[in-house]
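Visitor: Give me the fold of what follows.
(one chain, ligands or ions: 2)
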Amino acid sequence: MPMDVTSVLNQLNSAQEQAVTSDKKHLLVLAGAGSGKTRVLVHRIAWKIQVDNVSPYGILAVTFTNKAAREMRERIDNLLGMSLRGMWVGTFHGLAHRLLKAHWRDAKLPENFQILDSDDQLRLVKRVMRAMDLDEQRWPPKQAQWWINSQKDEGLRAAHIQESGDPFMATMLRIYRQYEQLCEQLGVIDFAELLLRVLELWRNNPDVLGHYQQRFGQILVDEFQDTNAVQYAWLRLLAGTSSDVTAVGDDDQSIYGWRGAKVENILSFERDFADTETIKLEQNYRSTSNILKAANAVIAKNADRLGKNLWTESGEGEPIALYAAFNEHDEARYIADRLADWIANGNRRDDSAILYRSNAQSRVLEAALLQAEIPYRIYGGQRFYERLEIKNALCYLRMMLNCHDDVAFERVVNTPPRGIGDRTVEQIRELSRSNGCSLWEASATMVNEKRLTARAANAVSGFMVLINEMSGQLDELPLAEQAENAIQHSGLVDMHRREKGERGQARVENLEELVNACKNFEPEDSDAPVLPQFLDQVALDAGDRQADEDQDAVQLMTLHSAKGLEFPLVFLAGMEENLFPHKMSIDEPGRLEEERRLAYVGITRAMQKLTMTFAETRSTYGTESFNSVSRFIRDIPKEVVEEVRLHNTVTRPTTYADARISDEGSETGFQLGQQVRHNVYGDGIILNFEGNGPRARVHVAFDEVGTKILILASANLVAI
Ligand code: ATP
Ligand code: MG
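Guide: Ligands and ions are numbered 1, 2, ... in the order given. All right, here's what the predicted structure looks like:
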């Protein structure tokens with residue numbers, strides 16, 4: 001291999017070079033976003049190979065997402081001008097899987113063990129709970145799943161946990177025990193188990209551990225701030241006394257506390273890994289100084305920081321654009337318009353990203369991109385209509401339309417759980433097979449002919465009554481109300497609301513978003529029934545309209561998935577209080593700090609141009625909310641922001657279904673086009689009314705501040 005030291009040290013500043021070439025045993029790089037941490041890690045690998053003659057076979061590099069791992073490998077290959085086989089680059093979970101495949105026997109697993117995704121895991125937890133006769137209303141299975149995973153993330157097996165006499169904990173522990181047994185019996189493992197199993201594999205098999213300790217003389221970890229207790233224990237065990245460890249991270253970007261990540265691992269590192277050199281990097285190479293100023297100002301508000309100063313030599317660049325949208329449709333359309341400009345100017349779609357706090361926000365954005373015919377890809381998440389909770393809700397709507405829809409029947413007959421066990425469903429299936437009838441008809445027969453136990457018969461007829469009641473109202477109710485009934489009366493919302501943690505919350509939000517979708521749905525044929533048209537449209541949307549793997553496409557992702565990535569053009573959508581920071585986090589200082597770090601991560605993804613948008617009104621759950629602009633925006637210095645306002649123009653979004661110019665407002669005492677005065681915003685003209693009664697709203701184009709939407713009852717407008 002040619003020793004081309006210059007290429008490895010090319011384009012490194014002196015602190016980076018010191019890090020790359022450090023000959024201390026361990027290295028900790030603690031530095032802000034875009035300062036070259038990942039670059040240092042990649043160059044250090046190249047340096048080790050080219051200068052220290054380390055074999056690629058002896059290198060283990062770990063990062064957080066599969067996308068980041070792929071990019072890391074590409075960067076190393078590019079730097080060395082060749083592809084290195086034998087080197088392990090991956091995520092903790094990916095590496096764990098590989099290890100368990102190789103050592104299944106020592107890990108006490110069957111050779112063909114299966115990995116459970118989160119939904120599979122939940123199904124097993126439920127099975128266990130049913131066998132234990134636990135009431136799912138009282139003991140939500142999601143909560144048990146969450147509890148089990150948090151124990152595993154801490155490295156705790158059921159057998160390790162001391163009972164404290166707390167009845168909640170005692171029950172969780174019983175479930176955990178049974179769940180462990182069932183997984184063992186079925187030969188399946190969940191995500192948290194992957195990591196824990198490897199830890200135990202090494203602890204219990206000194207030979208295996210010794211082999212890997214010897215093999216991996218170099219261990220490098222990116223995004224170190226988001227490692228959890230088990231991952232940290234892994235590192236210590238694997239490194240043993242001989243391996244060199246490089247860890248790079250940023251305490252300001254720790255955003256997985258809610259999943260057990262421990263930013264304290266950064267502090268423990270110097271203590272646990274003796275002979276560590278710690279290096280700080282402070283020059284940012286990614287972003288313009290305007291973007292960096294915004295990021296620094298936002299994160300400065302956090303109290304709990306190790307403290308770093310980021311600066312850049314690059315110019316101011318463009319100001320950060322801030323767009324105040326009427327509502328979420330206007331927001332999405334604005335973003336799609338700017339993207340169309342970007343593409344028309346010869347830029348790659350790949351170089352742009354739309355980031356958002358909650359998965360549910362993607363639906364309206366997707367619709368605007370589809371309409372503008374801009375290919376997009378949702379990264380690290382499913383498209384809206386493919387999400388589990390949405391599929392469930394749609395199956396209720398399908399059942400309401402046609403109760404003989406067997407696929408939908410299977411999916412929701414016992415979701416949420418209503419005491420219809422696998423055995424009952426199997427009996428129903430059998431009868432439907434032998435009678436050649438639908439599952440629905442089979443159920444009716446089973447109930448009528450008393451072929452089920454009283455309990456099962458009750459549960460089945462309960463389900464049938466529910467569907468009958470909802471479908472009985474099909475012709476009377478608007479689509480949105482039907483959807484609302486489907487998610488409420490079915491118990492879907494309650495089921496997810498009882499779940500602990502972010503995921504349950506996200507699912508409730510997605511369900512609410514479905515009601516919005518129904519509210520805004522415009523049927524092609526206004527004379528035909530609307531529900532079938534909606535379901536057809538959804539089936540089409542869920543088809544293959546997402547861009548292919550290698551097609552140049554705009555990237556959509558949550559802020560959490562954007563970690564470590566960078567894009568020339570970035571949109572941060574939904575910059576509103578209650579959305580971001582999320583309403584669940586606002587009242588808890590610790591969680592608010594994590595939200596703020598997330599804002600810092602978002603802002604620092606942008607290289608050239610950052611646009612933030614917020615909506616003055618946003619429909620959540622079919623009702624409009626008026627959120628004020630996010631505190632994170634208010635923290636950004638005014639001089640780096642340029643507010644985009646559509647002054648006095650009546651450009652009305654086509655999808656803005658509520659904003660029909662109509663005779664609404666006729667009882668308000670005002671008229672369209674009338675001049676009015678507001679004591680804060682000054683003088684303006686009435687553009688539109690929405691609704692009547694106490695919630696009636698008025699759109700006023702003010703001379704000074706642009707268009708505002710106000711609640712008439714509280715705006716105290718005076719005619720002039
Ligand atoms: P994050 O905290 O977001 O993960 P990071 O600290 O890992 O960021 P990198 O992704 O390594 O930062 O670097 C950010 C950008 O700056 C990359 O495009 C990288 O190539 C570039 N860069 C880093 N250091 C230099 C340098 N010395 N000269 C030129 N470009 C650099
Ligand atoms: Mg990085």
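
Visitor: What segments of the stretch 601-720 of the chain are helices?
Guide: 631-634, 712-715 (DSSP state H, counting those that start in this stretch).

Visitor: who's in contact with whichever residue of the chain sits closest to ligand 2?
Guide: Across the chain, the shortest distance to ligand 2 (Cβ to the ion) belongs to residue 38, at 3.3 Å. C-beta here means a position set from N, CA and C on the backbone, and glycine is covered the same way. Counting by Cβ atoms under 8 Å, 6 or more residues apart in numbering, residue 38 makes contact with 68, 72, 75, 222, 248, 564.

Visitor: In this structure residue 427 contacts residue 447, no?
Guide: No - using Cβ atoms under 8 Å, residue 427 is not in contact with residue 447; the gap is 11.3 Å.

Visitor: Count residues in the vicinity of the closest residue to residue 116 other than its chain neighbours, would you?
Guide: Leaving aside its chain neighbours, residue 116 sits nearest to residue 190 (4.5 Å; criterion: Cβ to Cβ, 6 or more residues apart in numbering). Each residue near residue 190 was counted by other Cβ atoms under 10 Å, and the total is 22.

Visitor: Please identify the buried residues of stretch 184-202?
Guide: Applying a neighbour-count criterion of 16 or more other Cβ atoms under 10 Å, one finds 188-202 buried in stretch 184-202.

Visitor: quick one: average pLDDT of that stretch?
Guide: Averaging pLDDT along stretch 184-202 gives 91.

Visitor: Please identify, among the contacts of residue 38, the one with the most neighbours.
Guide: Using other Cβ under 10 Å as the neighbour criterion, residue 248 leads the contacts of residue 38 with 27 neighbours.

Visitor: is it true that that one lies in a strand?
Guide: Yes - judged by DSSP: H, G, I helix; E, B strand; the rest coil, residue 248 forms part of a strand.

Visitor: which residues does it contact?
Guide: By Cβ under 8 Å, 6+ apart, the residues touching residue 248 are 28-31, 37-38, 40-41, 220-224.

Visitor: Switch the residues you listed over to TSV; also include distance to ligand 1.
Guide: Compiled in TSV, the contacts of residue 248 are given as follows (distance: Cβ to the nearest ligand atom, whole Å):
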residue	distance to ligand 1
28	14
29	8
30	10
31	6
37	3
38	3
40	7
41	8
220	12
221	12
222	7
223	7
224	11
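
Visitor: In helices, which of those residues fall?
Guide: 37-38, 40-41 (DSSP state H).

Visitor: Closest to residue 481 out of the residues you listed?
Guide: Within the ones in helices among the contacts of residue 248, the smallest distance to residue 481 is 49.9 Å, found for residue 38 (Cβ to Cβ).

Visitor: Would you mind measuring from that closest one to residue 69?
Guide: Separation of residue 38 from residue 69 (Cβ to Cβ, to the nearest Å): 11 Å.

Visitor: got it, and residue 155?
Guide: Here residue 155 is placed at a distance of 24 Å from residue 69 (Cβ to Cβ).

Visitor: do residue 344 as well
Guide: Where residue 69 is concerned, residue 344 sits at a distance of 34 Å (Cβ to Cβ).

Visitor: cool, and residue 48?
Guide: From residue 48 to residue 69 the distance is 18 Å (Cβ to Cβ).

Visitor: For the stretch 351-500 of the chain, which residue gets nearest to ligand 1?
Guide: residue 351 (12.2 Å; Cβ to the nearest ligand atom).

Visitor: Need the nearest residue in space to that residue, chain neighbours excluded.
Guide: In this structure, residue 351 finds its nearest non-sequential neighbour in residue 568, 4.5 Å apart by Cβ to Cβ, 6+ apart.

Visitor: In this structure the one you found contacts residue 610, no?
Guide: No - using Cβ under 8 Å, residue 568 is not in contact with residue 610, being 10.2 Å away.

Visitor: Of the two, give the one with the bigger neighbour count.
Guide: When residue 568 and residue 610 are compared for neighbours, residue 610 comes out ahead with 29 against 15, by other Cβ under 10 Å.

Visitor: Report the contact partners of the more buried one.
Guide: With the criterion set at Cβ under 8 Å, 6+ apart, residue 610 makes contact with 290-291, 294, 320-321, 570-572, 603.

Visitor: for ligand 1, what are the nearby residues on the stretch 1-150 of the chain?
Guide: Counting by Cβ under 6 Å from any ligand atom, the positions of the stretch 1-150 of the chain adjacent to ligand 1 are 11-13, 16, 31, 33-39.

Visitor: Report the two of the contacts of residue 610 separated the most.
Guide: Taking Cβ to Cβ, the two most distant members of those are 290 and 571; they sit 15.7 Å apart.
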